[in-house]
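K.L.:
Okay, structure incoming, though there's no sequence with it:
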């Protein structure tokens with residue numbers, strides 16, 4: 001047996017695999033859970049209404065990152081960035097159509113790195129971008145080198161789209177406030193099927209090192225979940241977020257997504273409260289599927305040797321700033337998203353981390369936890385020290401960006417977030433500037449960019465933004481119609 005293992009190990013080295021001594025002895029598995037359009041609307045993140053007992057339990061088992069920021073608050077760019085460990089400006093992915101390999105054909109994706117090191121890599125559901133709901137059941141904008149096996153469930157939700165309520169009939173249900181309190185069981189829905197198939201892979205691959213990715217489609221619009229999850233949220237408990245009456249008066253027009261310039265899409269309060277109820281129901285439905293995955297890890301005896309990483313591609317607006325919905329802004333609600341990491345044996349497990357981290361940190365962190373060498377030149381940082389001590393000193397900032405079509409001329413917005421400040425500039429400041437004191441103004445209601453006393457802090461933040469973005473193109477030719 002020792003000779004067989006030695007030959008196998010030598011073969012891996014010959015193929016370029018880099019495996020640490022510790023990992024070779026007992027290689028850690030990875031369960032990679034992606035959730036589409038999930039805001040920090042979870043009990044463990046302080047939401048007092050939403051019911052998410054299973055994700056809360058995962059947070060209590062691992063480390064919850066309270067200040068984790070995506071690189072671009074839109075599905076395809078964010079997912080491509082997470083999976084390559086590269087910023088959107090490097091892979092030049094800003095929209096829903098471009099594949100990262102058009103710019104970086106030789107990039108080694110996160111799961112591909114695990115494959116190259118002898119892991120089985122399997123995907124169930126949405127990891128790279130899919131058009132929702134049209135792309136459900138297909139490969140979407142997938143990446144073939146990333147996986148040994150892919151499974152694309154297609155559930156009852158796709159067959160019952162005619163039952164969905166669309167509050168904005170002029171829009172497709174993919175981008176409108178739309179919902180359905182569905183009949184039937186969890187397992188009949190696409191996300192329920194994703195959990196079932198991921199558990200099947202866990203059972204089949206438990207005897208070998210694996211990277212199993214489960215990507216859930218909800219709570220992306222349309223908000224579809226079995227009726228029992230809607231019943232968790234009586235309408236009298238559904239309240240819209242507060243914003244001062246003049247909230248938008250000091251904010252540049254480009255700060256709001258080009259596809260939703262009107263507060264609450266012009267809909268009445270009852271309609272948007274119903275949409276919020278449906279969103280919460282979808283979150284609780286996905287939470288139940290996460291619970292099934294975690295139970296399977298325990299039942300199969302895999303929990304002690306399996307890293308779990310749960311993340312959402314970006315945050316999500318639920319009516320903040322006088323009626324902003326969905327994503328594509330650089331405000332906190334859109335750029336900040338859940339990130340929970342459970343590393344077996346980590347001393348920080350069960351604690352929360354308030355340090356500022358970025359989603360490009362996910363790649364080097366998971367590689368390090370598995371004892372693998374990440375590709376050279378990745379801009380992210382290994383968060384392993386924070387998993388051991390979430391309260392340790394950690395000087396960092398996060399950059400989030402978004403590209404607007406403008407009026408035929410694209411407008412790039414970039415925002416830098418520190419523990420105290422958020423500074424945002426549009427077209428390098430020519431189309432507007434924002435500055436928020438996050439300690440004094442957590443709702444980002446008062447833009448201090450025009451305050452003469454803020455000149456020095458703006459200078460410092462702009463310098464840090466430029467330094468962190470060094471070597472990246474300020475913009476790239478795009479077709480505004482793709483945005």
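P.N.:
Sure thing, it's come through. It should be emphasised that the depicted structure is a prediction, and the values quoted were computed from it without experimental measurement.
K.L.:
Pull up the pairing partners for the helix or strand where residue 415 lies, direction included.
P.N.:
Residue 415 belongs to strand 411-417 when assigned by DSSP states H and E. Strand pairing for strand 411-417, determined by DSSP bridges: strand 398-404 (antiparallel), strand 421-426 (antiparallel).
K.L.:
could those go into TSV alongside mean neighbour count, mean pLDDT and distance to residue 257?
P.N.:
Using the backbone N, CA and C atoms, a C-beta is placed for each residue, glycine as well. Shown next, in TSV, are those (neighbours: other C-beta atoms under 10 Å; pLDDT from 0 to 100; distance: least, C-beta to C-beta, whole Å):
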stretch	mean neighbour count	mean pLDDT	distance to residue 257
strand 398-404	25	96	8
strand 421-426	24	97	13
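K.L.:
chain center to the strand holding residue 415: distance?
P.N.:
18 Å (C-alpha atoms, centre = their mean, to the nearest Å).
K.L.:
Spit out the contact partners of the residue positioned nearest the centre of the chain.
P.N.:
Ranked by distance to the mean C-alpha position of the chain (C-alpha atoms, centre = their mean), the top residue is residue 313 at 2.0 Å. Each residue near residue 313 by C-beta atoms under 8 Å, 6 or more residues apart in numbering is listed here: 34, 36-37, 70, 75, 78-79, 82, 337.
K.L.:
most residues in a single helix of this structure, which one?
P.N.:
If you go by DSSP state H, the chain has its longest helix at helix 269-299.
K.L.:
coming back round to it: what lies in contact with the strand holding residue 415?
P.N.:
67, 69, 254-255, 330, 332, 335, 356, 397-405, 422-428, 431, 434, 438, 461, 464-465, 468-469, 474-475.
K.L.:
what's the answer for stretch 353-362, then?
P.N.:
Counting by C-beta under 8 Å, 6+ apart, 63-71, 78, 81-82, 85-87, 110, 309, 311, 337, 339, 378-383, 386, 390-392, 394, 396-399, 417-419 sit against stretch 353-362.
K.L.:
Could I get the average pLDDT for it?
P.N.:
Summarised as a single mean, pLDDT over stretch 353-362 is 98.
K.L.:
buried stuff in that stretch?
P.N.:
Neighbour-count burial for stretch 353-362, with 16 or more other C-beta atoms under 10 Å as criterion, is recorded at 353, 355-362.
K.L.:
Let me see the contact set for the closest residue to residue 191 other than its chain neighbours.
P.N.:
Nearest residue to residue 191, sequence neighbours excluded (C-beta to C-beta, 6 or more residues apart in numbering): residue 216, at 4.7 Å. Listed by C-beta under 8 Å, 6+ apart, the contact partners of residue 216 are 33-36, 125-126, 191, 194, 286, 289.
K.L.:
Where does pLDDT dip in this protein?
P.N.:
Within the chain, the segments meeting pLDDT under 70 span 1-25, 470-483.
K.L.:
ok, now with 90
P.N.:
Applying pLDDT under 90 to the chain flags the ranges 1-26, 257-262, 405-409, 450, 467-483.
K.L.:
Now residue 144. Its backbone dihedrals?
P.N.:
Backbone torsions for residue 144, taken as degrees, to the nearest 10, come to phi -60, psi -40.
K.L.:
how close does it sit to residue 109?
P.N.:
The gap separating residue 144 from residue 109 is 10 Å, by C-beta to C-beta, to the nearest Å.
K.L.:
Contacts only, for the closest residue in space to residue 468 that isn't next to it in sequence.
P.N.:
Nearest non-adjacent residue to residue 468, counting by C-beta to C-beta, 6+ apart: residue 399, 5.7 Å away. Going by C-beta under 8 Å, 6+ apart, residue 399 touches 69, 71, 87, 358, 414-417, 465, 468-469.
K.L.:
try residue 328
P.N.:
Counting by C-beta under 8 Å, 6+ apart, the residues that residue 328 touches are 73-74, 257-259, 334, 402.
K.L.:
Residue 397 now?
P.N.:
Under the criterion of C-beta under 8 Å, 6+ apart, the neighbours of residue 397 are 356, 416-418, 464, 468.
K.L.:
For residue 441, see how far away it is.
P.N.:
The spacing between residue 397 and residue 441, counted by C-beta to C-beta, is 18 Å.
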